[in-house]
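Undergrad: I need the structure of the sequence given here:
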Amino acid sequence: MRALLSIWLVFTLLGLKAQEIKVEVSSNQLAVGQRFQITYSTEKKGSNFKSPDLSDFAVLSGPNKMSNMQLVNGQFSSSISYSFIAQAVSEGEFEIEPARMKIGSDWIESKPVKITVKGHRTKNTQQKQSQKSKQKNQAPKASATQADLEKNAFIKLYVDKKNVFVGEQLTATYILYFNQDISNHEVRESPVFNGFYEENIELDNNNLRVENINGKKYKAATLKKVLLTAQKSGEIEIPPFELELELLIPVRKKRQSIFDMAFGNYQRARMVATSNSETVEVTPLPTFDQPKSFTGAVGQFNLSHTLDRTEIAVNEAVNLTVKIEGSGNIDLVGLPDIVFPGDFEVYDPKTKQNIKTNASGSSGWKTYEYVIIPRYAGTFELDPVEIAYFDPKTKKYKTITTGKVQLNVLKEDGTTNNNQSAFISPRKEDVQVIGTDIRYIHTSAPTFEREQTGFFNSIGFYGLSTLPFAGLGAVLLFVGFRRKRLSDEAGVKSRRAGKVARKHLSKAQKLLDKDDDVAFFDAISSALFGYLSDKLQIAVGDLNRDVIEQALAEASVGDTLRLELKKMLDECDMVRFAPGVVRSKAEMLSSSEKLIESLEDVL
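TA: Okay, the predicted model is just below:
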């Protein structure tokens, strides 16, 4: 029995050792200001990775998740790793606590890492470090240098305009060029467009194509295409896109095994591809001749307005629709100033829009529908509606206006009278005796007699008299409370946020087993943006990465949740480029549910 127990303990310890998280650090001896990379990896499929505390350092990137697959002698093996790029900020002896991960029902952890940080780096230290880095990267024979890798894969940023006015639109496109197979990728730095209003342009499901650059053929895939509307003047930089890639470089051997001939022999090489940046000169709009009716429209527009009826009776409703259509920053066009007669009751307008965004800009229409109720009879003429816009092609302001609209308001008898109120006091001959409801005043003096009853002036009499008023008060209190609760639209949205998110995720659940990765990841992205819109009480059209990051930071949401959200959104964007190399759909759905549950606990 003891022998069996001993054998069981040995195998248990060996199993735990095999499940240990392996940790690697690029250097344990650093100088202040020097960067280093620390990587945690395991060959087991785990979940709930718990990052170590890196508060003693400046974290520049991470956790960056990487999945690796290898074929050796016909056998597949896989591993998963999480890496951080950090920078030493002060001298001293530091110990990085273990990272933790859950595998099955057990938690495993890495070993702690000790790092020594000394004085600032000198020029000689940097040169030595650079030489060591080159020597490390220059592995014998099959190893490829960074320069060689950059010839195999690189990212280019293109902008269709480099000089625009405030409010004018331009398109930025990031394209990845590569001539070697890519086994994995990770977004390291997604661009943040400060100074621009950002609208992502939907990409085709299959945008992979072949392009010839300097006489060499490359596969080209559009990573990101965005329509930018300049919000401030000056020189504004459009930042680069940074992507970490793992390339499969073919390696030739003199002697090949049957597996090499069947599957090929490849060397895996990691690299970081960073696009160029572009500077755009944004010119302010002229102010010396700016019309009063200018509300921020930049582009080319038309304006019209219509009444659904031109003749109505007093106290009836009529709809006035104002329509703005054209191309430009129509999303940002403000409400035109309309002057209504003082005797009209006017409700806040209902806005509708149909706007399409593509590489050439935004175009479509927007309508404002007013409900008007005239309270007096007469013939009324509504003043023209006017709006001004700036045309960047002619570099001038233009004012467009509608014609006048006439509305004929009839009295109840079908006639009009400009000076007659709709609320006319009834004349004596209009008063009719209906049954005994209305009677003229008696001229003879009435006689009064006290009614002889024991119930009058009794406690029961006064109790029953006050009962209807008490019931009415209770009803009014209940109605007021109910109306106040229903009117709190933001609160209702917040309470329903989790339910709405689960509804979106149910759409992704239906797509889980279907062969449409793009639709699935779009459903995940819609769920996250819809949930954040309701929970943070921000319109979906106003949501972008900066707004979300700022709102979550103000709500004291931790770094781990914010990084996980950023990673999910990046993966949803990248699935169009390289489906199959991001997380599996089942894992993505599960992670999304856990993320929303975690955010529910915080927000």
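
Undergrad: State the helix or strand in which residue 595 lies.
TA: In the assignment (DSSP states H and E), residue 595 maps to helix 585-602.

Undergrad: Contacts for that helix next, please.
TA: Helix 585-602 has contacts (CB atoms under 8 Å, 6 or more residues apart in numbering) with 497-498, 501-502, 505, 508-509, 511-512, 517, 520-521, 524, 527-528, 531, 535, 555-558, 561, 564-565, 568, 571, 582-583. Every residue, glycine included, has its C-beta placed from N, CA and C.

Undergrad: okay, and for the stretch 251-400 of the chain, where does confidence drop off?
TA: 251-266 (pLDDT under 70).

Undergrad: ranges for the strands of it?
TA: 266-274, 278-283, 294-307, 311-313, 318-328, 344-346, 350-358, 361-374, 378-382, 386-391, 396-401 (DSSP state E, counting those that start in this stretch).

Undergrad: Identify whichever of those strands lies nearest to residue 205.
TA: strand 350-358 (15.8 Å; CB to CB).

Undergrad: What residues of the closest one count as buried?
TA: Neighbour-count burial for strand 350-358 flags residue 357 (criterion: 16 or more other CB atoms under 10 Å).

Undergrad: who are the neighbours of it, in terms of helices and strands?
TA: Taking 3 or more CB pairs under 8 Å, 6 or more residues apart in numbering; DSSP states H and E as the contact definition, the neighbouring helices and strands of strand 350-358 are strand 361-374.

Undergrad: Run the angle between the strand it packs on and strand 378-382 for me.
TA: Put simply, strand 361-374 runs at 160 degrees to strand 378-382, going by axes from the mean of the first three to the mean of the last three CA atoms, to 10 degrees.

Undergrad: Direction included, what does strand 361-374 pair against?
TA: strand 318-328 (antiparallel), strand 344-346 (antiparallel), strand 350-358 (antiparallel) (DSSP bridges).

Undergrad: pLDDT below threshold where in the stretch 401-550 of the chain?
TA: Residues of the stretch 401-550 of the chain meeting the criterion pLDDT under 70: 412-464, 479-501, 503-504, 540-541.

Undergrad: Okay, helices next: where are they in this structure?
TA: With DSSP state H as the criterion, the chain has helices at 2-18, 123-137, 146-152, 258-263, 459-487, 489-510, 517-536, 545-554, 559-574, 585-602.

Undergrad: just to revisit the earlier point, please pick the buried ones from the contacts of helix 585-602.
TA: Among the contacts of helix 585-602, the ones that count as buried by 16+ other CB under 10 Å are 497-498, 501, 505, 508, 511, 517, 520-521, 524, 527-528, 531, 535, 557, 561, 564-565, 568, 571, 582-583.

Undergrad: returning to what we had before: between the strands paired with strand 361-374, which one is closest to residue 240.
TA: Here strand 350-358 is closest among the strands paired with strand 361-374 (CB to CB), at 23.1 Å.

Undergrad: Can I get that closest one in CSV, CA atoms only?
TA: Extracted in CSV, the C-alpha atoms of strand 350-358 (Å, rounded to 0.1, in the frame of the first residue of the first chain):
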residue,chain,number,x,y,z
LYS,A,350,-37.8,63.6,-34.2
THR,A,351,-34.6,62.9,-36.1
LYS,A,352,-34.1,60.3,-38.8
GLN,A,353,-31.1,59.6,-40.9
ASN,A,354,-29.7,57.4,-43.6
ILE,A,355,-26.0,57.9,-43.9
LYS,A,356,-23.5,55.6,-45.7
THR,A,357,-19.8,55.7,-45.1
ASN,A,358,-17.2,54.6,-47.6
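
Undergrad: What are the contacting residues of it?
TA: Counting by CB under 8 Å, 6+ apart, 199, 201, 227, 330-331, 362-369 sit against strand 350-358.

Undergrad: go on, stretch 199-218?
TA: Identification of contacts with stretch 199-218 by CB under 8 Å, 6+ apart yields 171, 177-179, 219-222, 224-229, 331, 357-359, 362, 518, 573, 576-577.
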